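[1] Here is a sequence with its predicted model. Questions after.
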Amino acid sequence: MDSHSGAVDPSLEAALRALVVDAGPSIRKLSRHESAGSQAIMKAAATPRSWSDEEKATAILLAIGSVIDDLANQRWKRTAQAAFRIPAERYRGPEFDSLTARWRELGREDADHEGIDVDDAAERYRGYWRNSAAPYLARAVAARFQQLNDGDGWRQHRHEESLYTPPEALPLSFERSEVLYQFEGRRGVRSTNQRWLVAHGPVWFYEAVGWYYNDPDADVEIVPLANCELEGSYALLPQGGRTARLRFARILQPDDRYYFAYETQFNSPKECRPTILNEVRGRRTELLTVRAQFDPQARPARCWYFDVGVQSEGWRIPPDGARELLTVANNGYVEHDFRECVHGRKYGIRWLW
């Protein structure tokens, strides 16, 4: 018998259905109760009380995403992924800001393969969701929430960055990447990125992501500084933040080397959460240098570096004498080098004010 074949929790199922309508799930919709069922979902997930509403919402969406990823029935899985805009890069853009549009995206694939009408194919997915996928998902999510509610299970889903998942690695690696974060008081003002890349195939752009670590709705701006230009307009990410395509001066060929730089202006009045996080978006980065210029009047009391793959998000506060501890200069400056960084892995600095 299916492990999730028990009675459906009607309130949770209704909440999930409400969450995916229109533009779909988002940190904002959950944390600000912008859908009819947001409060029910937040209540069912006993995330730690000390977390901010945004952290709770992020963890919940990641947990639901992991449940969807485990679905064995491929039709239900594809249906649920479209409902929740997974993967984010596939359903990015205002053209997917309705559930019907996301069903049609799936329907177009089936229509091409099976020679059927797109609307008929899309209607099948509407039926899968209404009659099968949503009820099953509600049972599975309820079971997963119960597992996570016991003990300290929610920690594994604590993330502070956008849920945006970058596309497959562009045909490039970085010989060096340097990023400098600057603060006024405890508020993050901007980050400046300098990158030295080597191409492995034809490539003419880099997709930069802008995100502020305490305000998913911040009106961030990505500003080219050197040897690149903004192509088109920003794309809003489903769970907050923006992405922008930075076009190079020419199409790079294999073994070409290239330098470019850009700045992310955070434009938020909110205090920054105590973290700086960088995800490697090229195939690899030989040397990543993360720098922070804190306000001398608001220097961290303790600061340390972390490698997510080794230190599980860096939430453990290192004891005195630990090698991860960093010294913040009297003028507020601190830096750390990460070497041989791999695609998709996250590296950063955390601190206590």
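    Arrived safely, thanks for sending.
[2] For the rest of this, base every contact and every neighbour count on C-alpha atoms.
    Fine.
[3] count of neighbours near residue 24?
    When neighbours are defined as other C-alpha atoms under 10 Å, residue 24 has 22 of them.
[4] so what's it closest to, chain neighbours aside?
    residue 84 (6.0 Å; C-alpha to C-alpha, 6 or more residues apart in numbering).
[5] measure the one you found to residue 329 for me?
    Distance from residue 84 to residue 329, counting by C-alpha to C-alpha, to the nearest Å: 45 Å.
[6] Compare the two (neighbour count), which wins?
    With neighbours defined as other C-alpha under 10 Å, residue 84 and residue 329 compare such that residue 84 has more, 26 against 13.
[7] Quick check, the more buried one in contact with residue 18.
    No: the criterion here is C-alpha atoms under 8 Å, and residue 84 misses it with residue 18 at 11.2 Å.
[8] For this structure, which helix or strand comes out least confident on mean pLDDT?
    helix 308-311 (a mean of 50; mean pLDDT, DSSP states H and E).
[9] next helix or strand past that helix?
    strand 333-342 (DSSP states H and E).
[10] How about residues contacting that next one?
    Strand 333-342 has contacts (C-alpha atoms under 8 Å, 6 or more residues apart in numbering) with 280, 283-294, 305, 326-328, 347.
[11] and those residues, which are buried?
    280, 283-285, 287-294, 305, 326, 328, 347 (16 or more other C-alpha atoms under 10 Å).
[12] Out of those residues, which sit inside helices?
    Judged by DSSP state H, the buried ones among the contacts of strand 333-342 include no members of helices.
[13] from those residues, which ones fall inside strands?
    284-285, 287-293, 305, 347 (DSSP state E).
[14] Could you find which two of those residues are furthest from each other?
    Largest separation among these by C-alpha to C-alpha: 284 and 293, giving 25.8 Å.
[15] What is the burial count for residue 90?
    14.
[16] ok, it to residue 61 distance?
    Note on residue 90: its distance to residue 61, by C-alpha to C-alpha, is 17 Å.
[17] got it, and residue 13?
    For residue 13 relative to residue 61 (C-alpha to C-alpha), the value is 15 Å.
[18] So those two - more neighbours on which side?
    Under the neighbour definition other C-alpha under 10 Å, residue 13 and residue 61 were set side by side, and residue 13 has more, 22 against 19.
[19] where are the low-confidence patches of this protein?
    Residues of the chain meeting the criterion pLDDT under 70: 1-10, 33-36, 89, 92-93, 112-113, 158-169, 238-240, 308-315.
[20] mind giving me the domain split of it?
    10-156, 172-352 (automatic domain parsing).
[21] mind listing what the residue nearest to residue 82 when sequence neighbours are not counted touches?
    With C-alpha to C-alpha, 6+ apart as the criterion, residue 82 has its nearest non-adjacent residue at 5.7 Å, and that residue is residue 102. Applying C-alpha under 8 Å, 6+ apart to residue 102 gives the contacts 82-83, 85, 91, 96.
[22] Checking residue 102 next. Helix, strand or coil?
    helix (DSSP: H, G, I helix; E, B strand; the rest coil).
[23] Residue 134 versus that one, what's the distance?
    Counting by C-alpha to C-alpha, the gap from residue 102 to residue 134 is 15 Å.
[24] Kindly report the same for residue 199.
    Residue 199 is 44 Å from residue 134, by C-alpha to C-alpha.
[25] Residue 146 too?
    18 Å.
[26] When these two are compared, which one has more neighbours?
    residue 134 (22 against 14).
[27] Can you point out the buried residues in the helix or strand containing the more buried one?
    Take DSSP H and E as the rule and residue 134 turns out to sit in helix 134-149. Under the neighbour-count criterion of 16+ other C-alpha under 10 Å, helix 134-149 has 134-142, 144-145, 148-149 buried.
[28] Which strands and helices lie in contact with it?
    For helix 134-149, the packing partners by 3 or more C-alpha pairs under 8 Å, 6 or more residues apart in numbering; DSSP states H and E come out as helix 10-20, helix 53-69.
[29] farthest residue from the center of the chain?
    Farthest-out residue of the chain from its mean C-alpha position, per C-alpha atoms, centre = their mean: residue 115, at 36.0 Å.
[30] returning to that earlier point: closest to residue 31 among the ones in strands among the buried ones among the contacts of strand 333-342?
    residue 347 (26.5 Å).
[31] What sits closest to the closest one if chain neighbours are left out?
    residue 307 (4.6 Å).
[32] I'd like to know how far that neighbour sits from residue 79.
    Taking C-alpha to C-alpha as the measure, residue 307 falls 34 Å from residue 79.
[33] repeat for residue 105
    11 Å.
[34] which one of these two has more residues nearby?
    residue 79 (26 against 18).
[35] ok, now which ones touch that one?
    Contacts of residue 79 (C-alpha under 8 Å, 6+ apart): 103, 125, 128-129, 133.
[36] What ranges does the stretch 51-200 of the chain have for its helices?
    For the stretch 51-200 of the chain, applying DSSP state H, counting those that start in this stretch gives helices covering 53-69, 74-83, 99-114, 118-128, 134-149.
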